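Enquirer: Below: sequence and its predicted model.
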Amino acid sequence: MNYQDYLSVTPELQEALKEGKPVVALESTILSHGMPYPENLEFAHKVEEIIREKGAVPATTAIIDGKLKVGLNDEELLLMCKAENIAKASRRDVPVYLATGQNAATTVATTMLIASLAGIRVFATGGIGGVHRGAQETMDISADLQEFANTAVCVVSAGCKSILDIGLTLEYLETFGVPVLGYKTEEFPAFYSRTSGFGVDYCAKDAEEVAKIVKTKWDLGLKGGVLVANPIPEEYSMDHEVIDKAIDKALEMAKEKGIHGKQTTPFLLATIKDLTGGDSFASNLQLAYNNARVAAEIAAAFAGK
């Protein structure tokens, strides 16, 4: 067997990839571990609809019944959204879950891996993982960053989650030669807010320019991905001080409860949602929709190269 035997790609996506049509990969962890049901199901359909409206084909990924799923039908989407006995799969978990038949939602790292295996070059997510605050003691660094160093996929996100150490996350990406492109911005966005106090490597003026930069990188044989930092729309951006206070409180609560590893991010996001009266959840939805739009435009531009 080779890796193709583990891939299950829908006929629509097989045809789209064969014909060189624009395709945008989507993760499923945001569905199974980032949002409650049934709001997550509504979100799943909406984000796929946005990508189709922009002329691209959505490819939501997951691990189901021993297969790397590329594109989910309604039944499979419902399975991911109900999240009953759905694990969270990062790169290290993939062979275990495939071999044992454990169903799992895909993180940023795993979605990049699956997209690359399927030949998909563009992926839209909410925010990437990164270096956690206090990582100099805990060594808690997301596998997403190593995936960027090794896997040739262009990822559109609203920066990294503001629960992280943004400065160290950017330093890590620089060390491994990962370009961080600001989408029409000079400043790296902080997920819920448009500003972070940190800059980007280059401000890309439009999707066409992003596609050209990405193609050039890979034409040169330079391994690894590209991060496109796309700020949350102005009208949904949250006040930096408000969100920082909520994050600090959530981090304290996580420490008190002894929460660590895979459970950290879901706990923090749920706690921040409660502390902000749901405002952070509304912002989360809108930034993800915005990323889907931009990713579809980049995929279309890249397909034309």
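Expert: Nice, I can see it.
Enquirer: what about the helices in the stretch 151-300 of the chain?
Expert: Assigned by DSSP state H, counting those that start in this stretch, the stretch 151-300 of the chain shows helices spanning 166-175, 207-219, 240-257, 264-275, 279-303.
Enquirer: for those helices, which one ends up most surrounded?
Expert: Ranked by mean neighbour count, those are led by helix 279-303 with a mean of 23 (mean count of other C-beta atoms under 10 Å). C-beta here means a position set from N, CA and C on the backbone, and glycine is covered the same way.
Enquirer: list the helices and strands that helix packs on?
Expert: Contact analysis of helix 279-303 by 3 or more C-beta pairs under 8 Å, 6 or more residues apart in numbering; DSSP states H and E lists strand 23-26, helix 39-53, strand 122-124, strand 154-157, helix 207-219, strand 226-229, helix 264-275 as its packing neighbours.
Enquirer: May I see the ones you listed organised as TSV, with mean pLDDT added?
Expert: Rendered in TSV, the data for the helices and strands packed on helix 279-303 read as follows (pLDDT from 0 to 100):
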stretch	mean pLDDT
strand 23-26	98
helix 39-53	97
strand 122-124	98
strand 154-157	98
helix 207-219	98
strand 226-229	98
helix 264-275	78
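Enquirer: In JSON lines: these, plus distance to residue 254.
Expert: Conversion of those to JSON lines gives the following (distance: least, C-beta to C-beta, whole Å):
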{"stretch": "strand 23-26", "distance to residue 254": "27"}
{"stretch": "helix 39-53", "distance to residue 254": "22"}
{"stretch": "strand 122-124", "distance to residue 254": "28"}
{"stretch": "strand 154-157", "distance to residue 254": "22"}
{"stretch": "helix 207-219", "distance to residue 254": "35"}
{"stretch": "strand 226-229", "distance to residue 254": "26"}
{"stretch": "helix 264-275", "distance to residue 254": "6"}
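Enquirer: Out of these, flag the one nearest residue 69.
Expert: When the helices and strands packed on helix 279-303 are ranked by distance to residue 69, counting by C-beta to C-beta, first place goes to strand 23-26 at 11.4 Å.
Enquirer: Which residues does the closest one contact?
Expert: Counting by C-beta atoms under 8 Å, 6 or more residues apart in numbering, the neighbours of strand 23-26 from elsewhere in the structure are 13, 16-17, 47-48, 51, 56-61, 70, 111-112, 114-115, 118, 120-125, 153, 292, 295-296, 299.
Enquirer: follow-up on the earlier one: can you tell me which of the helices and strands packed on helix 279-303 is nearest to residue 145?
Expert: Within those, the stretch nearest residue 145 is strand 226-229; the backing value is 9.7 Å (C-beta to C-beta).
Enquirer: ok so, going back, would you mind saying which of the helices and strands packed on helix 279-303 lies nearest residue 32?
Expert: Relative to residue 32, the nearest member of the helices and strands packed on helix 279-303 by C-beta to C-beta is helix 39-53, separated by 7.7 Å.
Enquirer: quick one: buried residues of that closest one?
Expert: The neighbour-count check on helix 39-53 (16 or more other C-beta atoms under 10 Å) flags 40, 41, 43, 44, 47, 48, 50, 51 as buried.
Enquirer: ok, back up a step: compare the helices and strands packed on helix 279-303 and give me the one nearest residue 5.
Expert: With C-beta to C-beta as the measure, strand 23-26 is the member of the helices and strands packed on helix 279-303 nearest residue 5 (20.1 Å).
Enquirer: returning to what we had before: and which of the buried residues of helix 39-53 is nearest to residue 185?
Expert: For these, the closest approach to residue 185 (C-beta to C-beta) belongs to residue 50, at 20.6 Å.
Enquirer: which non-adjacent residue is nearest the residue positioned nearest the centre of the chain?
Expert: Note on the chain: the residue nearest the mean C-alpha position is residue 125, at 3.0 Å, using C-alpha atoms, centre = their mean. Leaving aside its sequence neighbours, residue 125 sits nearest to residue 157 (C-beta to C-beta, 6 or more residues apart in numbering; 5.0 Å).
Enquirer: how far away is the one you found from residue 83?
Expert: When distances are taken as C-beta to C-beta, to the nearest Å, residue 157 and residue 83 turn out to be 22 Å apart.
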